[in-house]
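Student: coordinates only, no sequence provided:
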């Protein structure tokens, strides 16, 4: 019998489930956690949680085994490599946001892995996480269908649902993950009855959210994940879950299609408002209908649970799977699937732009929407330095210098290619080790009695891995942090009362506990400073836009006090000095920005403008800006404007030149 104090353990894993839900909700309603302020605060909080665990848990290392230790060490080395890359990128300001994000993922993996493996804990985590995903998607749908209830005028593209994550593809991926997990709950015969019913009701809502994002990557990744779940998990309640959710979901999609009324034009127009209310009414009825049907089929679950045709007969299961696959292939050939596949492949590999279509038709398009250009630049960046890359956070700089068109891009739209380009083979290998261990843990656990549960996690993880290969969901912690939470729980050691675990616990005396807690709190310092600096800079940017330069400069100074390596506050101070006619001071401030971000064309453009306005020679700075981004109209015009001329012409042109203040989240 284990000696583990079950009461304390149970309290911790319930608290962990609540923590995962709270973390997901916070990040989801903070622009997905994309900006460093939200990520920094979350990472600092996770460091405090791990420190508390080290001090308060009776046996804090019971879940620590070799696979978890390797995963944590690899992710820790990945974060350290990100910081180290600032030595060759010459910009700690660009490395810190990436480091903070990796630290958040690493601390999440560690905390959820230190508790011993327990499927009950993972089930509670799944309930809490699924509830958080449903809440986020419900808020997004309300913003789309009932804009008078939730209205966000800051949405960048109203035709595609992105609220509250602000990025439609990431919201689509989160909804797709929710579909897999809630679909598992609906198809289970082992979960509590209420959970099965609620899971069934959630599937139409999550599917409609995914539909309104018009996200092709998330949609296809979700379809693939559902197929993986069915084949690997073989849930006993599949018939009940499918009967309850499939018709209701189909009806909701038929009513929502075509989506033109809610994806084109103003969301508050009479037509859009009427369409939104109609779709919301039908969706509510579909959710209720799915729940009622699932309740009626609860009795069937008991009988199905006793039907064990495939248990202990793997050959029968394999034969059925092969037969189904053969039938699917034959049907595909009969319907012309090879020709369609060839057409889509040619569309995917073509360099055409703007052929993704509008509304629901874009979901069937295979056009990469310019992603091939992004990937080629990342690969070229990798070839320039295969071992170490160009440095964390530098893809935007490389794209500005090498881009084949005038499109502004900050990310390579591929986690794997961007990691290769920025961090080289070393960073890529460390990342792959972590992801393979997590996915492998899900696959290993899916061999046991809780096959369907871990098959759902495996399917969701594979869907995430595919989607993040063609987008930047890694940089949206709301769609990613769950992977490390469940990954840590799956990698955790079983049998906490074993002699080896007891020996480790005895060795971990109070001195070691205190040292571990202090180390965790020390780790919290950097992300906390990043979060404080981001908050102060946002206040400075708001004041600048409102024309209040004294307040803007004060808040920018506070941001620099918290994070001295950041360049954007220096830029804002310089532009305020220029507004106030203090041009020499503006030059000094822009030189500070150049020290911390020496390869940014925006910094050199600002420096050229400040020098010209101060009567100093701006030509070298303007030429450097044009070299760093040869397609920027501002950089090119500055180079032409500050060409041959005298001091009076420079002063006049510099004081008339447009200012380009940094944006929230800029380094």
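Tutor: Cool, the structure landed. The model shown is predicted, which means the values in this text are computed figures rather than measured ones.
Student: list the contacts for the spatially most central residue of the chain?
Tutor: Closest to where the C-alpha atoms of the chain average out (Cα atoms, centre = their mean) is residue 476, at 2.4 Å. Taking Cβ atoms under 8 Å, 6 or more residues apart in numbering as the criterion, residue 476 is in contact with 32, 33, 34, 165, 167, 170. In short, each C-beta sits where N, CA and C put it, glycine included.
Student: what about it, distance to residue 104?
Tutor: 12 Å (Cβ to Cβ, to the nearest Å).
Student: surely residue 185 meets residue 198?
Tutor: Yes: with contact defined as Cβ atoms under 8 Å, residue 185 and residue 198 form a contacting pair (7.3 Å).
Student: who's more crowded, these two?
Tutor: For residue 185 versus residue 198, neighbours defined as other Cβ atoms under 10 Å are more numerous around residue 185 (28 against 21).
Student: check which helix or strand that one maps to.
Tutor: Using DSSP states H and E, residue 185 sits within helix 168-186.
Student: any weak-confidence spans in the stretch 301-450 of the chain?
Tutor: 304-369 (pLDDT under 70).
Student: what about the helices in it?
Tutor: 314-334, 337-349, 371-384, 395-402, 415-445 (DSSP state H, counting those that start in this stretch).
Student: what does the stretch 51-200 of the chain give?
Tutor: 66-84, 86-89, 92-114, 119-145, 168-186, 193-213.
Student: and the next element down the chain from the last one?
Tutor: Translated: helix 193-213. Counting by DSSP H and E, what follows helix 193-213 is helix 216-233.
Student: just checking, residue 126 touches residue 183?
Tutor: No: with contacts defined as Cβ under 8 Å, residue 126 does not count as touching residue 183, sitting 12.0 Å away.
Student: low pLDDT regions in this structure?
Tutor: Checking the chain against pLDDT under 70 turns up 1-11, 152-158, 265-266, 304-369, 495-508, 645.
Student: for it, which helix is longest?
Tutor: helix 510-545 (DSSP state H).
Student: before we move on, back to that, common neighbours of residue 126 and residue 183, please.
Tutor: residue 456.
Student: so for those two, which sits in the more crowded spot?
Tutor: Regarding residue 126 and residue 183, a neighbour count based on other Cβ under 10 Å identifies residue 183 as having more, with 31 against 26.
Student: with adjacent residues omitted, what lies nearest to that one?
Tutor: residue 203 (5.8 Å; Cβ to Cβ, 6 or more residues apart in numbering).
Student: and what of residue 241?
Tutor: Nearest one to residue 241, counting by Cβ to Cβ, 6+ apart, is residue 187 at 3.3 Å.
Student: ok, that neighbour to residue 412 distance?
Tutor: Residue 187 is 37 Å from residue 412, by Cβ to Cβ.
Student: and if you look at residue 239?
Tutor: Taking Cβ to Cβ, one finds residue 239 at 43 Å from residue 412.
Student: who has more neighbours, these two?
Tutor: residue 412 (28 against 14).
Student: tell me how far the more buried one lies from residue 92.
Tutor: Distance from residue 412 to residue 92, by Cβ to Cβ: 21 Å.
Student: equivalent analysis for residue 225, please.
Tutor: Distance from residue 225 to residue 92, by Cβ to Cβ: 38 Å.
Student: more neighbours, those two?
Tutor: The residue with more neighbours, out of residue 225 and residue 92, is residue 225; 27 against 23, by other Cβ under 10 Å.
Student: what sits against the closest residue to residue 297 other than its chain neighbours?
Tutor: Among residues not flanking residue 297 along the chain, residue 240 sits closest, at 4.0 Å (Cβ to Cβ, 6+ apart). With contacts defined as Cβ under 8 Å, 6+ apart, residue 240 is in contact with 186, 187, 189, 196, 294, 297, 298, 300, 301, 304.
Student: same check, this time on residue 129
Tutor: Neighbours of residue 129 in contact, by Cβ under 8 Å, 6+ apart: 17, 20, 21, 24, 181, 482, 485, 486.
Student: mind redoing it with 6 Å?
Tutor: By Cβ atoms under 6 Å, 6 or more residues apart in numbering, the contact set of residue 129 is 20, 482.
Student: can you count the residues close to residue 634?
Tutor: Residue 634 has 18 nearby residues by other Cβ under 10 Å.
Student: what is the neighbour count of residue 302?
Tutor: 9.
Student: thinking again about what came up before, just the buried ones from the contacts of residue 476, in ChimeraX syntax?
Tutor: A single ChimeraX command selects the buried members of those (16 or more other Cβ atoms under 10 Å):
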select :32,33,34,165,167,170
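Student: now the helix or strand that contains residue 591: buried residues?
Tutor: Per DSSP H and E: residue 591 is located in helix 583-596. In terms of neighbour count (16+ other Cβ under 10 Å), helix 583-596 has its buried residues at 583, 585, 586, 587, 589, 590, 591, 592, 593, 594, 596.
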